[in-house]
Every structure is written in C-alpha cells, then in structure tokens.
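1. Predicted model, plus sequence, below.
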Amino acid sequence: MIIADIANIPGRTFPARRYGRGLVGSGPQPIKSDNFSMGYVVLEPNGGQVPWHNQTQEEVYMILQGRGEMCVDTEKQEITAGQMVYMPPGKFHQLTNIGDTPLHMMYCYVPGGDVAHWRQELDGTLPRAGEGDIPPLPAGAQPQCTKKAE
C-alpha cells in the first residue's frame, strides 16, 4: 500500500499566480503511475490562473473551494466548488480565480506523462492566445497570464 500525505508533498509556484503539487504520475510524484496523472492546485485570489493551453491528454478539473472562470475552446462559464469540467484532448482551456479567496482544485489527465505548458510557463515561453496558430480566448474571458515572474 502506498499512502501519500499532501501536507508533505513539495510543490512549485508558477508565474500565473498558482501553487501546484503533482500527486500521481511519472517523475517525482509520490504515487507512480504511467496511466494517469493527478495533482492539487491553489490559484491565488483575484486572477490566479492555469493559463490558456492545450495538451494531447483528456483532462478533468474538480473545483474543491472557491469560484473561477472556466474557458474550454469557445465556451466560457463560471465554475464553483463541487463542480467538475471535462477538457477533450487538444482543446484549449484556461481556469482563472475570479473570487476574493484562494481557489483549490484537483486535476486528473489520461494518459499520464509530462505536459509542455508547465515548462513553457516557467520559462516564459507559453504561446499567447490569439497569436499565430493559437486560438483566441472566448469573448469576455479573463486575459491570459503568460509572463515569467520577475
């Protein structure tokens, strides 16, 4: 039996004002799996974000606490604690905290493995919405955060 305690799992801070911990997957996660990846993320109040990106895996976000704006492809909708959203493979998506308190969420994607947007955000190279072959955000969406922290 493998038991991992989230309080003892190190994470990292991302430029878009969020803190994330990988829980299950390949690499440094405490529970190893090649078949799926799972993590816990906290978005800072008033704008903390998982910026506009896509990936080859299908993914689900589960909002545990707080209130956010969820964009998937051309759709935008408010999402709150207790709700989940599914992102099909290849569809661009973004989650922004629109509340005054931290937004806590869990993600799970299948199959497991690394996703490029983490490295791109940390390196300051995440492609911008609406530029080149990257589709624009849905009308009225919170702006994408792509800048590397100073």
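-> Looks like it arrived, so ask away.
2. Which parts of this structure are strands?
-> Using DSSP state E, the strands of the chain run over 12-14, 18-25, 31-32, 37-43, 49-53, 58-65, 67-72, 75-80, 84-87, 93-97, 103-110.
3. Residue 139: which of these is closest?
-> Between residue 139 and the strands of the chain, the tightest spacing by Cβ to Cβ is seen for strand 75-80, at 7.5 Å. Quick note: C-beta positions are derived from backbone N, CA and C, even for glycine.
4. check contacts around the residue lying closest to residue 76 once chain neighbours are set aside.
-> In this structure, residue 76 finds its nearest non-sequential neighbour in residue 138, 4.0 Å apart by Cβ to Cβ, 6 or more residues apart in numbering. Neighbouring residues of residue 138 by Cβ atoms under 8 Å, 6 or more residues apart in numbering: 71, 73-76.
5. Can you go through these and name the buried ones?
-> 71, 76 (16 or more other Cβ atoms under 10 Å).
6. which one of the contacts of residue 138 sits closest to residue 105?
-> Looking across the contacts of residue 138 and measuring by Cβ to Cβ, the closest to residue 105 is residue 71, at 14.4 Å.
7. Need the pLDDT of the closest one.
-> On pLDDT, residue 71 comes in at 98.
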